[in-house]
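Asker: quick check, what structure comes out for this input:
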Amino acid sequence: MARDYSGSPKHHHLESKRKRLTWIFVVSGLCILSYVLGAWQNTKSPAPPSQMSNTIGCDDADNHRIGSSSSSSSSLSTTLDFESHHTVNINQSAGIRKLPPCDMSLSEYTPCQHPQRGRKFDRNMLKYRERHCPTKEELLLCLIPAPPKYKTPFKWPQSRDFAWYDNIPHKELSIEKAIQNWIQVEGDRFRFPGGGTMFPRGADAYIDDINELIPLTTGAIRTAIDTGCGVASWGAYLLKRNIQAMSFAPRDTHEAQVQFALERGVPAMIGVMASQRIPYPARAFDMAHCSRCLIPWSQYNGLYLIEVDRVLRPGGYWILSGPPIHWKKYWKGWERTQEDLKREQDAIEDVAKRLCWKKVVEKDDLSIWQKPINHLECIKSRKIYKTPHICKSDNPDAAWYKDMETCMTPLPEVSSPDEVAGGELEKWPERAFAVPPRIASGSIPGITPEKFRDDNQVWKERLTHYKRIIPLQQGRYRNIMDMNAHLGGLAAALSKYPVWVMNVVPANSDRDTLGVIYERGFIGTYQDWCEAFSTYPRTYDLIHAGGVFSIYQDRCDITYILLEMDRILRPEGTVIFRDTVEILVKIQSIAKEMRWKSQIMDHESGPFNQEKILVAVKTYWTGEAPQKHL
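Answerer: Presented below is the predicted three-dimensional model:
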């Protein structure tokens, strides 16, 4: 007898297929939901740096812990762990398990401006004070120690006027420059009265004198360069006028002067006017300044004034005070003859005239020149002034290990005498977010005004995210470095905070964007991160490293880049890395060897972005004081 069917075979087949598909969709949905929930949990904010760091001695790196609070341990328990799943071969020193502290004699080690190494080089034109970096065999695999009684620096703005003696234990300047009021020792701290060789009434009054001669407070002048800066009091007091100065001085002309500047929270770096271009692009600064900076401006066919002309913006000012200015009054105190001083000033005036600079004013101790806004008339004057000739086939922005030349950097062409070469800039603060002329003109390949505006939006979102994971608003950070600054988006996003940013453009980047950063009203420098930066140890509170290791992973050993970051980072300072998971896992493994506390977390856009974020904090530890022998 035949079996009874409730329906056709086709109907049963469709019903079965429908049930299987429903089951598959339900299981898939549950899997996706559980993944998203897990990812969301892993994006919880990390513990603040104060909870992630602790005090350890030189010998107990293996015994340190992440702090006593249960909240910090529970926060770190949600760290994304990729180590067992993501490995990649990156240039990295093998076999290092624990990086030891260096000897205390290296507490202020500046690898590329090390005085002992510098003595081997030519003293002519101060070449021995230029960058001379250690060879691969000379690189140190140890951690630069802080002084035994190192304290967290004063917060800004108090740091402008005070620093702890134990952080920079050098009294030489307080003795050598006692009359000039650069620095005073008061108990356990230094005080910076704002004095200087040429401003006995203080930097504030000196800047007021300049303001009577050229406009400092209209927003037209935003970036400045101070050559031979001392402890950078000129730059320190310009800040309240919304002018940001790049101050530099050579290592050890006076003991630790740039170190004092950075300890104060004032932008500065080690540098010298010698035989190579200073590491800044053409047309970078609105104003240049020398207050008895001892640079022989008229020598070497005016080479140093020609270099100032290269980095000075069209219409920018050069200010000189000190010898030979006002020599008729001061010549006896300067211990030079009147004839010698007059000859020097005449020579400076002659070089300035050949550069087509206009003498704006000479009043009391100040003399000010102005660079023309274009070179239309200057080109015609070459018939009269044969030297310096105008450079040909030269990249005016090239400034990394490039020799200075006695030819004048040409300005971009213009169509009328009233046109500003290279484009006119907005006044500050609008300048920070206005499309820079170098982008508007299409001179930066691949970067359009639309991409510039998109980058600003990206950094607005990133900063919102960063404020959730590090204490940006608590005054903890003052000196900030962006190791791969691109268009200066981080500096722009932070422009309303009481911080300053050293914007670094890698010297071997595909796109040279440092000129754009200066056009936005920020400062920065070129740098090859296979070498050490021109600064003292412990001079930055926060370092941002976005994509840096993707650039350098095949160029040099990343261990040494991380050791350099440790050298320039203050104890309990923070680093934010942005890179691929594979690279961040390697960085994190080396960070453990450097006594850093770190965790990897998702991109601000969520877990599906391949770029991740690693936040690391340098733990507090110090070197040991030398044993006193009885």
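Asker: got the contact list for Trp203?
Answerer: Careful, residue 203 is Ala; it's not Trp. Gly194, Gly195, Gly196, Ser233, Trp234, Ala236, Tyr237 (CB atoms under 8 Å, 6 or more residues apart in numbering). C-betas here are computed from N, CA, C, even on glycine.
Asker: give me that answer again for 7 Å
Answerer: Ala203 sits next to Gly194, Gly196, Ser233, Trp234, Ala236, Tyr237 when contact means CB atoms under 7 Å, 6 or more residues apart in numbering.
Asker: ok, the residues you listed vs Arg462, which is closest?
Answerer: Nearest to Arg462 among those: Ala236, at 29.2 Å, using CB to CB.
Asker: quick one on the thing from earlier: which ones among the contacts of Ala203 lie within helices?
Answerer: For the contacts of Ala203, the ones inside helices are Ser233, Trp234, Ala236, Tyr237, with DSSP state H as the criterion.
Asker: CSV please, covering those and showing pLDDT.
Answerer: Output for the ones in helices among the contacts of Ala203, formatted as CSV (pLDDT from 0 to 100):
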residue, pLDDT
Ser233, 93
Trp234, 95
Ala236, 96
Tyr237, 96
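Asker: from those, which is closest to Arg131?
Answerer: Trp234 (24.2 Å).
Asker: how many neighbours does that closest one have?
Answerer: 26 (other CB atoms under 10 Å).
Asker: report the contact partners of it.
Answerer: Gly196, Ala203, Asp226, Ala245, His289, Ser291.
Asker: between those, which is closest to Ile480?
Answerer: For the contacts of Trp234, the nearest to Ile480 is Ala245 (16.2 Å; CB to CB).
Asker: who's in contact with the nearest residue to the closest one once chain neighbours are set aside?
Answerer: With sequence-adjacent residues excluded and distances taken as CB to CB, 6 or more residues apart in numbering, Ala245 is closest to Gly235, at 3.5 Å. Shown in contact with Gly235 (CB under 7 Å, 6+ apart): Asp226, Cys229, Ala245, Ser247, Val266, Pro267.
Asker: how close does the fifth one sit to Asp226?
Answerer: Spelled out, it's Val266. 10 Å (CB to CB, to the nearest Å).
Asker: quick check: neighbours shared by these two?
Answerer: Between them, Val266 and Asp226 share the contacting residues Ala232, Gly235, Ser247, judged by CB under 7 Å, 6+ apart.
Asker: near the first one, how many other residues are there?
Answerer: In terms of burial, Ala232 registers 28 neighbours under the definition other CB under 10 Å.
Asker: element containing the closest residue in space to it that isn't next to it in sequence, please.
Answerer: Leaving out its chain neighbours, the residue that sits closest to Ala232 by CB to CB, 6+ apart is Ala261, at 3.5 Å. Assigning secondary structure by DSSP states H and E places Ala261 in helix 257-263.
Asker: so what touches that helix?
Answerer: Outside helix 257-263, the residues that reach it (CB under 7 Å, 6+ apart) are 153, 163, 167-168, 173, 183, 229-232, 247, 249, 268-270, 479, 535-536, 539.
Asker: stretch 498-507 too?
Answerer: 156, 244, 267, 400, 475, 477-485, 488, 490-491, 494, 512-514, 517, 522-529, 551.
Asker: ranges for the strands of the stretch 151-300 of the chain?
Answerer: Listed in chain order, the strands found in the stretch 151-300 of the chain under DSSP state E, counting those that start in this stretch are 162-164, 184-186, 189-191, 223-227, 244-249, 268-270, 285-291.
Asker: pull up the pairing partners for the longest one, direction included.
Answerer: Strand 285-291 pairs in its sheet with strand 223-227 (parallel), strand 312-321 (parallel), by DSSP bridges.
Asker: Leu584 is nearest to which of those?
Answerer: strand 223-227 (34.1 Å).
Asker: include distance to Glu130 when you put the strands paired with strand 285-291 into a markdown table, please.
Answerer: As requested, the strands paired with strand 285-291 are exported to a markdown table (distance: least, CB to CB, whole Å):
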| stretch | distance to Glu130 |
| --- | --- |
| strand 223-227 | 14 |
| strand 312-321 | 22 |
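Asker: and these, which is most packed in?
Answerer: strand 223-227 (a mean of 26; mean count of other CB atoms under 10 Å).
Asker: and for that strand, what's in contact with it?
Answerer: 232, 234-235, 238, 243-248, 273, 284-290, 293, 295, 311, 518, 521, 523.
Asker: repeat that with 6 Å
Answerer: 234-235, 243-247, 285-290, 293, 518 (CB atoms under 6 Å, 6 or more residues apart in numbering).
Asker: how about Trp369, nearest residue that isn't a chain neighbour?
Answerer: Trp357 (4.3 Å).
Asker: what is the neighbour count of that neighbour?
Answerer: 23.
Asker: was I right to think it contacts Ile368?
Answerer: No - with contacts counted by CB atoms under 6 Å, Trp357 stays clear of Ile368, the gap being 9.9 Å.
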